[in-house]
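Asks: this one's sequence-less:
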């Protein structure tokens with residue numbers, strides 16, 4: 001995070017993609033620290049699907065729940081990148 005903030009303060013456009021899975025992460029505090037001008041929030045990806053992909057040697061994006069969660073964030077990131 002520190003490196004991203006340094007890049008951002010140097011004029012580099014940074015897109016923060018935040019996975020709000022961690023129960024210990026306070027969204028308000030995180031965004032207060034980052035103060036992102038551009039962000040894409042990844043919906044909660046079911047841990048069971050990630051584990052199933054990991055143990056099955058598959059890409060997590062192939063799991064329906066993970067794909068659904070990540071697709072929205074990817075679309076938002078692309079829209080911001082093209083803006």
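Replies: In hand now; what should we look at? Worth saying up front: this structure is predicted, and the values here are computed from it rather than measured.
Asks: residues making contact with the helix ranked longest in the chain?
Replies: Scanning the chain for the helix with the most residues, using DSSP state H, yields helix 64-82. For helix 64-82, contacts defined as CB atoms under 8 Å, 6 or more residues apart in numbering pick out 15, 17, 38, 40-46, 49-50, 53, 60-61. In this view, the C-beta of every residue, glycine as well, is placed from N, C-alpha and C.
Asks: which residues of the protein fall in strands?
Replies: For the chain, the strands defined by DSSP state E cover 16-19, 39-42.
Asks: picking that back up, report the buried residues of the longest helix of the chain.
Replies: By neighbour count on 16 or more other CB atoms under 10 Å, the buried set for helix 64-82 is 65-66, 69-70, 73, 76-77.
Asks: ok, stretch 9-16 next?
Replies: 14-16.
Asks: now, which of the residues you listed sits nearest residue 4?
Replies: The nearest member of those to residue 4, counting by CB to CB, is residue 14 at 5.2 Å.
Asks: was I right about the closest one contacting residue 34?
Replies: No - with contact defined as CB atoms under 8 Å, residue 14 does not count as touching residue 34 (9.1 Å).
Asks: point out where this protein drops to low pLDDT.
Replies: 1, 18-23, 40, 83 (pLDDT under 70).
Asks: and the contacts of helix 64-82, which is closest to residue 30?
Replies: Distances from residue 30 to the contacts of helix 64-82, taken by CB to CB, are shortest for residue 41, at 10.6 Å.
Asks: what sits opposite that closest one in the beta ladder?
Replies: Applying DSSP bridges to residue 41 gives these bridge partners: residue 18.
Asks: residue 26 versus that one, what's the distance?
Replies: 14 Å (CB to CB, to the nearest Å).
Asks: likewise for residue 35?
Replies: Taking CB to CB, one finds residue 35 at 15 Å from residue 26.
Asks: now residue 39
Replies: 15 Å.
Asks: could you double-check that residue 38 lies in contact with residue 15?
Replies: Yes - between residue 38 and residue 15 there is a contact under CB under 8 Å: 4.9 Å.
Asks: thanks a lot, see you next time.
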